[in-house]
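K.L.:
sequence and predicted structure below; questions after.
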Amino acid sequence: MVLVSLACFAFKEIIGYKVIAFILLVTVSFVAMFYRIVPTLLAAVLSALIWNFFFIKPYYTFHIGNTEDQFMFFMYFVIALINAVLTFKIRQIERIANEKESKLQSIKLYNTLLDSLSHELKTPIAAIIGSTDALQSNAIMTESQKEKLLEEISIASLRLNNQVENLLNMSRLESGVIVPKMDWVDVNEIVYEVIRALKIKSYSQKIIVTVPQSLPLFKLDYGLTEHVIYNLLNNAIIYTPQKSTINIDLSFTEDTLQIIILDEGNGFPEDEIALVFDKFYRLKNSRPGGSGLGLSIVKGFVEAQNGTVSLENRVEGGAKFVVKIKTEVSKFNPTENE
Amino acid sequence: MNKCRILVIDDESQIRKLLEITLSTNDFEVKLAENGLERIRFAATYQPDLIMLDLGLPDVDGQKVLQQLREWYSNPIMILSVKNEESEIVKALDNGANDYLIKPFRTQELLARVRSHMRNHIKEASEPIISSSNFSIDLIARIAKVNNEEVKLTQTEFNLLAILAKNEGKVLTHQYLLKEIWGKSYSDQTQYLRVFVAQLRKKIEKDANHPEMILTESGIGYRFILT
């Protein structure tokens, strides 16, 4: 306000005090766009006084000489006030509309999450209840029909267990109770442990592990790292074609462990890559069965160890996940002394 | 031959029922206990060959029950727990548990573990030679053989293998192994253990990446299995 007034003061002989009135009014409007109601009204009053004091003859008094100027000053005062109030009101309405919009958005998001989550939990429960009901009823069933129902119960309970496990891990992450227990681990051992654990999924893909000749020990949290590798390999198994190849490559520098997982699936839609690590995010055309939590847990567990995880599509097709964790590396070999 | 007796201590009736059916149909004699005092008294009079103890009991601390049992009970104790908190499990193993299973567990796994503990307990008359069809270790002569061929082991490698083999089927924690082999001041030097286990596997396992004898217990320790 003051700056604009000063500028006007310098040119008052050239542009004339009536134009200056308009310039000041515009300034008040600008103030109204960026500040709250009190400063805006203050600016309106101040501008009127400044106009009067500096620009209306006689200069440097609040006294106004002729009637026309008196009238103009009064009009100026009213217009400045109305201007201020109106601009402010428009802003307020806009803000309320925005808030409503974003609240609606988040309710919508929440509902989608709840929908997919309750679907993922209730489907296996329905399978278990339905199958046990059928088995308990006196309907005549062949042995193979009974076996099929039992198989359904078994699959459903494993699926349920998986979902609950994911939810528990997510809430552990969210509540911040995860304190990584960094200790020396053999990452090669973890990778093969995960592959062993995945055996019950009877997958058909080929997993190829590439490890440098002398992989040193790294200071990591065993459980968290195991989970990260498990979730990434598990995803690859679920979402890539039968009998394709999944590569897991371990490499290291003097202070960083790098785990790369490559698959031969369809990769990820480019516009969704940035979102896949978000909690509950599921690809737009993904098949049912996932919770949308696996990759966000990966990200959380990697970041809990001060690492990073990234995803890109491979030129030759398929996805490439890169996990990098900067940590202590030990190449020590105690047997050399024996 | 008398049936092996198992005492199940769990406050969840569903789990008790499940274990009773699973174990009794597999030729074990099963007794159940649920509340605080009952379980200790029962253990004393029933003299089971194995106790399955749930850590998450409502009225008392499972770790306390474990400690009290261990004051006089020397047969295997298997922990059942829903907590996959590594620290709780390590604590239970330190308090004298032989093994642990995380709920939900698979029945086959449960039975395999119980049988292995029973077997070990019966032959525990400290034989100097522990052997299976393709592996043997002579604790006195300090010789280990795979497929009847002697395996050259360093002092420390042999000590590690011996302690694992002597405790076949039992989960040994990292700290326990470090303390027993390298001494108390080494109990947090996990890198020793990692390196030696990797080396030992290369020497005695068919495929060191897919070990069948020295098994990893995620974040907790190792377990030796005779194949």
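P.N.:
On my side now, so go ahead.
K.L.:
how about the strands in chain B?
P.N.:
If DSSP state E is used as the criterion, the strands of chain B fall at B:4-9, B:28-33, B:50-54, B:77-81, B:99-102, B:129-131, B:135-138, B:143-146, B:149-150, B:171-173, B:214-217, B:221-224.
K.L.:
rank those by pLDDT, which is bottom?
P.N.:
Mean pLDDT is lowest for strand B:129-131 among the strands of chain B, at a mean of 86.
K.L.:
that one packs against which elements?
P.N.:
The helices and strands touching strand B:129-131, judged by 3 or more CB pairs under 8 Å, 6 or more residues apart in numbering or on different chains; DSSP states H and E, are strand B:135-138. Just so you know, the C-beta spots here come from the backbone N, C-alpha and C atoms, and that holds for glycine as well.
K.L.:
span of stretch B:161-174 from start to end?
P.N.:
14 Å (CA to CA, to the nearest Å).
K.L.:
what's it in contact with?
P.N.:
B:90, B:93-94, B:98-100, B:113, B:116-117, B:119-120, B:130, B:137, B:139, B:142, B:144, B:153, B:177, B:180-181, B:190, B:193, B:200, B:204, B:214, B:217, B:220-226 (CB atoms under 8 Å, 6 or more residues apart in numbering or on different chains).
K.L.:
in TSV, list the strands of chain B along with distance to residue A:133.
P.N.:
Shown next, in TSV, are the strands of chain B (distance: least, CB to CB, whole Å):
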stretch	distance to residue A:133
strand B:4-9	28
strand B:28-33	28
strand B:50-54	29
strand B:77-81	29
strand B:99-102	29
strand B:129-131	51
strand B:135-138	49
strand B:143-146	53
strand B:149-150	58
strand B:171-173	40
strand B:214-217	39
strand B:221-224	40
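K.L.:
out of the ones you listed, nearest to residue B:17?
P.N.:
Residue B:17 lies closest to strand B:28-33 among the strands of chain B, at 8.6 Å (CB to CB).
K.L.:
what helix or strand is residue A:233 located in?
P.N.:
helix A:222-239 (DSSP states H and E).
K.L.:
can you name the next helix or strand after that helix?
P.N.:
Following helix A:222-239 in sequence, per DSSP H and E, is strand A:245-252.
K.L.:
partner strands of that next one, parallel or antiparallel?
P.N.:
With DSSP bridges as the test, strand A:245-252 is paired with strand A:206-210 (parallel), strand A:256-262 (antiparallel).
K.L.:
in the first one, which residues are buried?
P.N.:
Buried residues in strand A:206-210, defined by neighbour count with 16 or more other CB atoms under 10 Å in any protein chain shown: residue A:207.
K.L.:
going on from it, what's the next piece of helix or strand?
P.N.:
Trace forward from strand A:206-210 with DSSP H and E and the next one is strand A:217-220.
K.L.:
for ChimeraX, write the selection for the buried entries among the contacts of stretch B:161-174.
P.N.:
The following ChimeraX line selects those of the contacts of stretch B:161-174 that are buried, judged by 16+ other CB under 10 Å:
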select /B:90,93,98,99,100,113,116,117,120,130,137,139,144,153,177,180,181,190,193,200,204,214,217,220,221,222,223,224,226
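K.L.:
break chain B into its domains for me.
P.N.:
For chain B, automatic domain parsing gives the domain ranges B:4-122, B:129-224.
K.L.:
those domains: lowest mean pLDDT?
P.N.:
For those, where the average pLDDT is lowest is domain B:4-122, sitting at a mean of 87.
K.L.:
got the residues of chain B near chain A?
P.N.:
Neighbours of chain A within chain B, by CB under 8 Å from any CB of the partner chain: B:86, B:104, B:154-157, B:190-192, B:194-199, B:209-210, B:216, B:218-219.
K.L.:
number of residues surrounding the nearest residue to residue A:264 once chain neighbours are set aside?
P.N.:
Spatial nearest neighbour of residue A:264, chain neighbours left out: residue A:244 (4.0 Å); criterion: CB to CB, 6 or more residues apart in numbering or on different chains. A total of 16 residues lie near residue A:244 under the criterion other CB atoms under 10 Å in any protein chain shown.
K.L.:
again, but for the one 4 residues further on
P.N.:
Residue A:248: 22 surrounding residues under other CB under 10 Å.
K.L.:
do residue A:237 as well
P.N.:
18.
K.L.:
just residue A:145 next, same as before
P.N.:
13.
K.L.:
confidence score at it?
P.N.:
Value for residue A:145, per-residue pLDDT: 89.
K.L.:
now swap in residue A:11 and tell me
P.N.:
As predicted, residue A:11 sits at a pLDDT of 65.
K.L.:
try residue A:8
P.N.:
61.
K.L.:
then residue A:287?
P.N.:
64.
K.L.:
how close does residue A:229 sit to chain B?
P.N.:
Per CB to the nearest CB, to the nearest Å, residue A:229 is found 12 Å from chain B.
K.L.:
cool, thanks, signing off.
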